[in-house]
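>>> how would this look folded up:
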Amino acid sequence: MGEDTKGLSQRESAELGLQSVIDLMEDIEVFNKLSDYGATQDQF
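The predicted structure follows:
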């Protein structure tokens with residue numbers, strides 16, 4: 001992600017970083033819900 005932030009302001013970079021963290025948290029939440037239904041990591 002280091003190369004992608006070239007030319008962006010620090011604020012824009014921070015917002016991108018925050019968005020990626022939010023996306024990751026949502027992915028983890030979805031994964032945990034799937035795990036509750038008996039899904040295994042092998043399916044990913």
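
>>> Going by C-alpha atoms from here, please, whenever you check contacts or count neighbours.
Fine.

>>> Could you list the low-pLDDT ranges of the protein?
The model of the chain has pLDDT under 70 over residues 1-6, 38-44.

>>> go with 90
For the chain, residues meeting the criterion pLDDT under 90 lie at 1-8, 30-44.

>>> now the strands: where do they sit in it?
Secondary structure of the chain (DSSP state E): no strands present.

>>> And the helices in it?
10-36 (DSSP state H).

>>> centroid residue for it?
residue 24 (2.3 Å; CA atoms, centre = their mean).

>>> Tell me the spacing between it and residue 17.
In this structure, residue 24 and residue 17 are 11 Å apart, going by CA to CA, to the nearest Å.

>>> Residue 10 now?
Counting by CA to CA, the gap from residue 10 to residue 17 is 10 Å.

>>> What of residue 33?
Residue 33 is 24 Å from residue 17, by CA to CA.

>>> now residue 26
Distance of residue 26 to residue 17, computed by CA to CA: 14 Å.

>>> for residue 9, same thing?
Relative to residue 17, residue 9 is positioned 12 Å away (CA to CA).

>>> more crowded one of the two?
residue 17 (14 against 10; other CA atoms under 10 Å).

>>> Show the contacting residues for the more buried one.
By CA atoms under 8 Å, 6 or more residues apart in numbering, the contact set of residue 17 is empty.

>>> Ramachandran coordinates for residue 9?
The phi and psi values for residue 9, taken as degrees, to the nearest 10, are phi -70, psi 160.

>>> about what we covered before: look up how far residue 11 lies from the residue nearest to the centre of the chain.
Taking CA to CA, one finds residue 24 at 20 Å from residue 11.
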